[in-house]
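Colleague: give me the fold of what follows.
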Amino acid sequence: MSLLTVKKFRWLASSTLIVLLASCGQSPTKVSVDGAWVRTPLPSKTTSAAYVKFKNHTNNAITLISADSDTIGAIEFHKSETEDGRHRMIKLDTLEIAAKDTLKLEPGGLHLMLFRIEEVEGDTHEIDFHAEGDLTFQATFEIRDEAPE
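Modeller: As a prediction, the model looks like this:
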């Protein structure tokens, strides 16, 4: 083999290896999470709310169907409403993140209700989210007295 042929072979082999390694990696992130936080529960209470921004990076809507955590007994999707001067919360079965869009869970609107919260050593709770189509992802929620800036 000539030196030129060996160089072409090495180039082709290394290019193929790069493509193969790139295709073996994890698929691109479908949902990213930003600003995830849990309001510090009131003294002697084990219920609180959590807030987050979900960014859907796909071309299809993503429907969240449940959430769970090892340190939280139950998690529900809720929406706050004020009607005729009365504030109420409505439990939702699902949350939808529109394609290529951001869904904000924030005080006074959509949020997570957390029940039977356990005390943790650190200042965070890990929450797993489950969506239609077997999509599951995890988010770390910082325990805070007020929203991050």
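
Colleague: any idea how far residue 76 lies from residue 94?
Modeller: Separation of residue 76 from residue 94 (Cβ to Cβ, to the nearest Å) stands at 11 Å. All C-beta spots, glycine's among them, are computed from the backbone N, C-alpha and C.

Colleague: just want to know which of the two has more residues nearby.
Modeller: Comparing residue 76 with residue 94 by other Cβ atoms under 10 Å, the one with more neighbours is residue 76, at 15 against 11.

Colleague: just the element for that one, please.
Modeller: In the assignment (DSSP states H and E), residue 76 maps to strand 72-83.

Colleague: quick check: buried residues in that strand?
Modeller: Under the neighbour-count criterion of 16 or more other Cβ atoms under 10 Å, strand 72-83 has 72, 75, 77-78 buried.

Colleague: among those, which one lies nearest to residue 111?
Modeller: Nearest to residue 111 among the buried residues of strand 72-83, counting by Cβ to Cβ, is residue 78 at 5.6 Å.

Colleague: that closest one reaches residue 89, doesn't it?
Modeller: Yes: the criterion here is Cβ atoms under 8 Å, and residue 78 meets it with residue 89 at 4.9 Å.

Colleague: shared neighbours, those two?
Modeller: residue 113 (Cβ atoms under 8 Å, 6 or more residues apart in numbering).

Colleague: check the gap between residue 148 and residue 66 for me.
Modeller: As judged by Cβ to Cβ, residue 148 and residue 66 stand 25 Å apart.

Colleague: typo on my end, residue 92
Modeller: For residue 92 relative to residue 66 (Cβ to Cβ), the value is 11 Å.

Colleague: residue 88 too?
Modeller: For residue 88, the distance to residue 66 equals 23 Å [Cβ to Cβ].

Colleague: what does the average pLDDT come to for the strand holding residue 76?
Modeller: Mean per-residue pLDDT for strand 72-83: 95.

Colleague: adjacent strands (with direction) for the next helix or strand after it?
Modeller: Sequence order places strand 86-92 as the next helix or strand after strand 72-83, per DSSP H and E. For strand 86-92, the paired strands and their directions (DSSP bridges) are strand 72-83 (antiparallel).

Colleague: kindly export the strand it pairs with (C-alpha atoms) in PDB.
Modeller: Output in PDB follows, covering the C-alpha atoms of strand 72-83 (Å, rounded to 0.1, in the frame of the first residue of the first chain):
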ATOM      1  CA  ILE A  72     -42.000  13.000  49.100                       C
ATOM      2  CA  GLY A  73     -45.000  10.800  49.800                       C
ATOM      3  CA  ALA A  74     -47.200  12.100  47.000                       C
ATOM      4  CA  ILE A  75     -47.000  14.700  44.200                       C
ATOM      5  CA  GLU A  76     -49.900  16.200  42.300                       C
ATOM      6  CA  PHE A  77     -50.200  18.600  39.500                       C
ATOM      7  CA  HIS A  78     -52.300  21.700  40.500                       C
ATOM      8  CA  LYS A  79     -53.600  25.000  39.100                       C
ATOM      9  CA  SER A  80     -54.400  28.000  41.300                       C
ATOM     10  CA  GLU A  81     -57.400  30.100  40.300                       C
ATOM     11  CA  THR A  82     -59.100  33.200  41.700                       C
ATOM     12  CA  GLU A  83     -62.800  33.400  41.000                       C
END
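
Colleague: good, wrapping up.
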